[in-house]
Structure formats: C-alpha cells, structure tokens
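Asker: sequence and predicted model, in that order:
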Amino acid sequence: MKNLKSILLLVVLTFIVISCSENDSLVIEPIEAKTISNLHAPQEQAGHGQPISGEFTKFSFKEGKQVTDDNWDIAFRGLRVIINGGNKYGLTDEPERTGNASLAVIKSPFKDVKETPTEDKFKQDANGVYAITSDGGDDWYTYGNRIVTANAGTILVVKTIDGNYAKMEIKSYYKDNPNTITTSSEPRYYTFDYVYNPRVGDKSFQ
C-alpha cells in the first residue's frame, strides 16, 4: 500500500511540474506597431470619365505586407480602399470578398484610440456601398487643387479575416511621403501607420 501511495504521489508531483513548466513557456504575442511606406496602388484609365480598372493591391495585417492570394484584409487601388468582407461594390477588376473582415472609422488622434469601437460601428462593402463612405466626412482624404491630402485623425479600425483587430492611419498618398506636395508629386503610393493585435478577439491596442 505504501508503494502504491508513493507511486500516486510521484505521478501527481510529475503532473504539477509539467503543468508549471508548460505555463512558464506560454508566450503572449506582443501588439505590433509598424509603418508601411510606398505601398503602390496603381490604376488604369483610358481617359477622363472612362472606367477605372486594374488589380487592387491587397494587404494582410497578419503578414504585415502586401499579399496576392485571398488572405487579405484591406486593399487599395488609386484612392479607393476596400475591405475583404461583405460583397463586391461593382467595380472593374474588383476582387471577390472571400473573408468576413469589417471596418469602422473613428475621428481621433491615432495614439488615443486604445481599443476598438462597439461592433455596431463596423461595416462591410456591399453592392453600391463602401465600408468607408464620404458621409459624415468618414473618407480618409480631401481633394483640392488637384492634390490629395490625407485627413489627419481619421482612423480606420479593421476587424481582420481572422478575427483580430488593427487600427491604421493613412499618412500620405504620394511616393516617399513628401513634406511638400505639388501636382508633380508621384501619387498612388500609400504610407500608413498601423497597430495590430495578434491575439484573436482582443480589442485592445495597448
């Protein structure tokens, strides 16, 4: 009987040691803050008033880079920004929405957006409707004097195709993010800051 008790005690102690060892090895993935520079989002147009065409430049927050497959969260072509969730708007060469991503717009300094808004604020693209609209000034840019100016404090919060959250602020639409923009500056090169939380469902950005 003593031997049986000793064996049981040894089994219990071994289990405790293994459990503690496993817990010690758990790594909490850190929140990532990055800047993407010169993400090229070209478009094609035969002439003024003609349909815009060309492939969208797809971006994955999980990968932290441009992707070419269906694992994209957000995509760009010229001034247009789309999300991989919902349905096609109806554009030429528009990619299929294969995910369930969504997007919310917050007007705030980037650093002050410490968590996601409520779920009812998130939208998806649909036929004839973008998740980012100009209604209420939610679009990310202002156009005047033939120059595109990124609207500071317009934060796009994205729920990714994997259920993670990211916040981003577009800083520039011109190559190399010039301090002074002129009509000769080369457009369709996105620079943006973003923060990505790799923990699925975690709504915090800090």
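Answerer: Done, it's in. Predicted model only: the values in this text are computed from it and were never measured.

Asker: right, and the helix or strand after the lowest-mean-pLDDT helix or strand in the chain?
Answerer: Lowest by mean pLDDT, DSSP states H and E among the helices and strands of the chain is helix 2-25, with a mean of 44. Scanning forward in sequence from helix 2-25 by DSSP states H and E, the next helix or strand is strand 32-40.

Asker: what strands flank that next one, and is each parallel or antiparallel?
Answerer: Within its sheet, and counting by DSSP bridges, strand 32-40 is paired with strand 187-197 (antiparallel).

Asker: got the CA coordinates for the partner strand in CSV?
Answerer: C-alpha atoms of strand 187-197 as CSV (Å, rounded to 0.1, in the frame of the first residue of the first chain):
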residue,chain,number,x,y,z
PRO,A,187,0.7,59.6,-56.5
ARG,A,188,-0.8,56.2,-55.5
TYR,A,189,1.9,55.3,-53.1
TYR,A,190,0.4,54.8,-49.6
THR,A,191,2.2,55.4,-46.4
PHE,A,192,0.3,54.4,-43.2
ASP,A,193,0.9,53.7,-39.6
TYR,A,194,-0.8,50.7,-38.0
VAL,A,195,-1.1,48.8,-34.8
TYR,A,196,-2.1,45.1,-34.9
ASN,A,197,-3.2,42.9,-32.1
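
Asker: Glu115 pairs with what?
Answerer: Bridge pairing for Glu115 - DSSP bridges - gives Ser204.

Asker: hang on, it packs against Val195?
Answerer: No - contact criterion Cβ atoms under 8 Å: Glu115 and Val195 do not qualify, at 11.0 Å. All C-beta spots, glycine's among them, are computed from the backbone N, C-alpha and C.

Asker: so those two - more neighbours on which side?
Answerer: Val195 (23 against 13; other Cβ atoms under 10 Å).
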